[in-house]
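Visitor: Everything below, folded, please.
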Amino acid sequence: MGKKSEATESRIELPAGYSPSADEPFMNERQKEYFRRKLLAWKEEIIAESKSTLELLQEDMGTLPDMADRASNETDRSLELRARDRQRKLVSKIDSALRRIDEGTYGYCEETGEPIGVARLDARPVATLSLEAQERHERNERVHRDD
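Guide: Predicted coordinates for the structure are as follows:
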């Protein structure tokens, strides 16, 4: 039978104010459900922001007579589009994290296979590396960037 359906997974009851703790088994059903809900809520928030940004950009299509106003408007639009691109990439990371929950690999470091830790996941639910692996990765990036 393997993978449970999303409908079955989301029937797990979470006590009011539940927050994952290091005192409970790592990535138990409650923690998986907690992170699934957190990721889905974050995704909905990003999509809602994107829709409002898109509406704002469409409203702002009017021609401005002043060159300075037009230039300023174009700069604002460029910044908004860059922000939307970052949001699109973040939604992709959220979708990937949700897939990892379904596959049973969520919460484990892609490099070491060790648990990432609930505090790090709570702060950055799309994290794929443990704090140590992330720091090592960033140090290596700096070394290669300085070359």
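
Visitor: what's stretch 117-137 in contact with?
Guide: With contact meaning CB atoms under 8 Å, 6 or more residues apart in numbering, stretch 117-137 is reached by 19-22, 26, 31, 35, 38-39, 42, 90, 93-94, 96-97, 107, 109-112, 114-116. Placement of C-beta: from N, CA and C, glycine included.

Visitor: what number of residues lie near Ile47?
Guide: Other residues lying near Ile47 total 13 when counted by other CB atoms under 10 Å.

Visitor: same deal with Arg88?
Guide: For Arg88, the number of neighbouring residues by other CB under 10 Å comes to 12.

Visitor: Tell me which residues of the strand or helix carrying it come out buried.
Guide: Using DSSP states H and E, Arg88 maps to helix 67-103. Of all the residues in helix 67-103, those buried under the rule 16 or more other CB atoms under 10 Å are 73, 84, 87, 93-94, 97-98, 100-102.
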